[in-house]
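*Asks:* I'll drop the sequence and a predicted model, then ask my questions.
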Amino acid sequence: MRLDKFLKNSRVIKRRTLAKEACDAGRITVNGRVAKASTEVNTGDILEISFGTGILKIEALELIDGAKKVDTENMYKILEN
């Protein structure tokens, strides 16, 4: 699944366009590498998202296309906040 789509479906970032902008600005890494919006995310990948207030580090657990709010809790695990 594309990185921008995963971030939107998991509700880590509210909109896919915002996820793309964050990727374009170099604020998201996947397994330690700066990632583009089109980067493929797999289960077990470690994502670091740099927000204005800090860095959120998560692990992708499930890739669910069109996930409902109930499903999003199982899509990732917060490692550092």
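*Replies:* Yes, it's here.
*Asks:* Can you report how many residues lie near M75?
*Replies:* 19 (other C-beta atoms under 10 Å). Yep, even glycine has a C-beta here, placed from its N, CA and C like the rest.
*Asks:* Can you give me the pLDDT of it?
*Replies:* If you check M75, the pLDDT there is 92.
*Asks:* Spit out the contact partners of it.
*Replies:* Under the criterion of C-beta atoms under 8 Å, 6 or more residues apart in numbering, the contact list for M75 reads F6, N9, S10, A60, L61, E62, L63, I64, A67.
*Asks:* now the spatially closest residue to N74 that is not a sequence neighbour: how far from T29?
*Replies:* Spatially, and ignoring its direct neighbours in sequence, N74 is nearest to E62 (5.4 Å; C-beta to C-beta, 6 or more residues apart in numbering). Taking C-beta to C-beta, to the nearest Å as the measure, E62 falls 20 Å from T29.
*Asks:* Buried members of the contacts of M75 into ChimeraX, please.
*Replies:* The following ChimeraX command selects only the buried members of the contacts of M75, with burial defined by 16 or more other C-beta atoms under 10 Å:
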select :6,9,10,60,63,67
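*Asks:* which one of the contacts of M75 is nearest T39?
*Replies:* F6 (9.4 Å; C-beta to C-beta).
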